[in-house]
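**Q** Task: produce atomic coordinates for the following.
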Amino acid sequence: MRAGRAWTPAELRQKSFEDLHTIWYLTLRELNKLLTQMHELRRYLGKLAQEEEDYYLAKRKQCHETLSNIKRVISERQDAITSLESLAEQK
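**A** Below is the predicted model of the structure:
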């Protein structure tokens, strides 16, 4: 099985705040779904096959990477706003 990929900071910088908000919650939902599936499979089967374990771990890593990249982009925007506000106060 092949997993997708995480959103990159460059892609996220082009998105509006509303889009970032939507991506954040869709990613959280996907992460929750993955964790639930892993839990249920382990409960039902006792142990996952290595291929399944690798798939779920890769998907979880991608979700965490996307969430981290969204935080980075929002932080960059906040820093830019703060810098502009301090420049405006100096003038």
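
**Q** And the host helix or strand of residue 78, what does it pack against?
**A** In this assignment (DSSP states H and E), residue 78 forms part of helix 50-90. Based on contacts counted as 3 or more CB pairs under 8 Å, 6 or more residues apart in numbering; DSSP states H and E, the elements that helix 50-90 packs against are helix 9-13, helix 17-45. Placement of C-beta: from N, CA and C, glycine included.

**Q** And the longest one, what's buried?
**A** Using 16 or more other CB atoms under 10 Å as the burial criterion, the residues of helix 17-45 that qualify are 20, 23-24, 27, 30-31, 34, 38, 41.

**Q** separation between residue 82 and residue 18?
**A** 21 Å (CB to CB, to the nearest Å).

**Q** same question, residue 89
**A** Residue 89 is 29 Å from residue 18, by CB to CB.

**Q** Show the low-confidence segments of this structure, by residue range.
**A** 1-3 (pLDDT under 70).

**Q** If we use 50, what do you get?
**A** Residue ranges of the chain with pLDDT under 50: 1.

**Q** how about the residue of the chain most remote from its centre, what does it touch?
**A** Within the chain, residue 91 marks the point farthest from the mean C-alpha position, 38.7 Å out by CA atoms, centre = their mean. For residue 91, no residue meets the contact criterion (CB atoms under 8 Å, 6 or more residues apart in numbering).

**Q** now do residue 10
**A** Counting by CB under 8 Å, 6+ apart, residue 10 has no contacts.

**Q** now it: how far from residue 72?
**A** Look at residue 10 and residue 72: by CB to CB, they are 11 Å apart.

**Q** same question, residue 26
**A** Using CB to CB, residue 26 is found at 18 Å from residue 72.

**Q** what does residue 82 give?
**A** Counting by CB to CB, the gap from residue 82 to residue 72 is 16 Å.
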